[in-house]
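1. just a sequence and a predicted model for now, questions to come.
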Amino acid sequence: MFSPAIEESWWFAAPSRQSTGESTVCTASDLKLGGHTRELQMPKGDLMLHRRLAALPEIRGWMYFFRHVASTPILFVVGILLGAGIMQLVQINESSYYWPKPYVIEAAPKEVPAEYMKAAPLNNGCLLPNLEFPPGPQTFDACSFVIQSTDEIWNLRGDTEAAIDKYFHEGYLNAGSWGRRGVGKKAMKESIYGEMRAFPDIKIHITDCVCKGNDINGYKCAMPDVLTGTNTGPSTWGPATGRYARWTGMVESLVKKNPITGQWQYYAEWGTHDEWALLQQLGLDFYRIPHPPVNTEPLHDCSPLFAFFGNNGEPVINAQDQAEQVVMESMHNAGSLSAISSVADSSAVSPSLRATAQIGKMASSTR
């Protein structure tokens, strides 16, 4: 109740609030006696205070909005941005740790380096006399055989095991990258199935083919290729990475007609593929991959991988691979880790065979 004798009147100093329509929420601090902002004189009389305040709109400013209305969404957005920034920094640090900057490559020289001229020369002309092919009928389409057999085994997703049994000889020699060797269909099946498990969508894209020889003694074939696949399964190099890869290579094959079955088959193959590029694409740690310290592939100066200078022009595999073929057959027939270890630790065998056994020993010991 206000006394009529009191000459002062109530003033409302508007707080820093924004009008919210019908709301009339107000605090005691919002009422002041006297003031200079948003002046509103209350009617005198004996009305209750809340009746007088009913005529006052609630006024709220921008500070209230940011403190009480927008604070939660703003903090949420800021949290997301900070999290994304931290993740980006972590990824950058990881990439810089695992993938350091490439080496700075010097510009190509403008002339033949003097150091090169001082090195010992090499003349491969001695190889030419051993590349002669005996005369004979050439009715067999060896390139068609190479392409069809490759598709049936690797690309068509048919009866792979039957295709391997059909196209590979029992004593088949498989000479691979890094000086590795394998002998027999069992070893070949393990190699093929392992590759298919590592890359279920693997495809071999044949880019060319050339064959030379005859129907009696067999054919020497060369096939460059490009392999593609996604590493969704464990491989001989390490665990699955889920990464897609593309790598190139070249395979030289000895294709000959089996005198017992009459089926044309692979008797031996020497293949080299850019497995370094493959491992780089997979992102595997090279130091954790079973691998000999050096490339143990033997040199064949003046002697081809195989030549047609046997009896009646029969193909003859080079002496080093012949010896390894015999040892590998006995080792695979034994099939035990002790047999593999004896070859891996022996100094009497060739470096390439010892390296193959060492890889097999390391792989067997980690299973």
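-> Thanks, I have the structure now.
2. could you export the host helix or strand of E190 as CSV, CA atoms only?
-> E190 belongs to helix 184-198 when assigned by DSSP states H and E. In CSV, the C-alpha atoms belonging to helix 184-198 read as follows (Å, rounded to 0.1, in the frame of the first residue of the first chain):
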residue,chain,number,x,y,z
GLY,A,184,55.6,-79.7,-57.2
LYS,A,185,51.9,-79.2,-57.4
LYS,A,186,51.4,-79.2,-53.6
ALA,A,187,53.7,-76.2,-53.2
MET,A,188,52.1,-74.5,-56.2
LYS,A,189,48.6,-74.9,-54.8
GLU,A,190,49.6,-73.5,-51.4
SER,A,191,51.1,-70.5,-53.1
ILE,A,192,48.1,-69.9,-55.3
TYR,A,193,45.5,-70.5,-52.6
GLY,A,194,47.5,-68.2,-50.3
GLU,A,195,47.4,-65.4,-52.8
MET,A,196,43.7,-65.9,-53.4
ARG,A,197,43.0,-65.7,-49.7
ALA,A,198,45.1,-62.5,-49.4
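3. elements contacting that helix?
-> In terms of contacts (3 or more Cβ pairs under 8 Å, 6 or more residues apart in numbering; DSSP states H and E), helix 184-198 is packed against helix 160-167, strand 168-175, helix 319-334. In this view, the C-beta of every residue, glycine as well, is placed from N, C-alpha and C.
4. those strands in the protein, which residues are they?
-> Assigned strands in the chain, in chain order: 11-12, 31-32, 168-175, 181-183, 203-206, 210-214, 218-230, 244-257, 264-273, 306-307, 316-317 (criterion: DSSP state E).
5. mind checking the ones you listed for the one nearest to I80?
-> Closest to I80 of the strands of the chain, according to Cβ to Cβ: strand 244-257, at 31.2 Å.
6. hmm, back to that, out of the strands of the chain, deepest packed?
-> Among those, ranked by average contacts under mean count of other Cβ atoms under 10 Å, first place goes to strand 181-183 (a mean of 24).
7. just checking: what are the partner strands of that strand?
-> When pairing is defined by DSSP bridges, strand 181-183 lines up against strand 168-175 (antiparallel).
8. show me what counts as buried in the helix holding E190.
-> By 16 or more other Cβ atoms under 10 Å, the buried positions in helix 184-198 come out as G184, A187, M188, I192, E195, M196, A198.
9. what's the answer for stretch 119-138, then?
-> By 16+ other Cβ under 10 Å, the buried positions in stretch 119-138 come out as F133.
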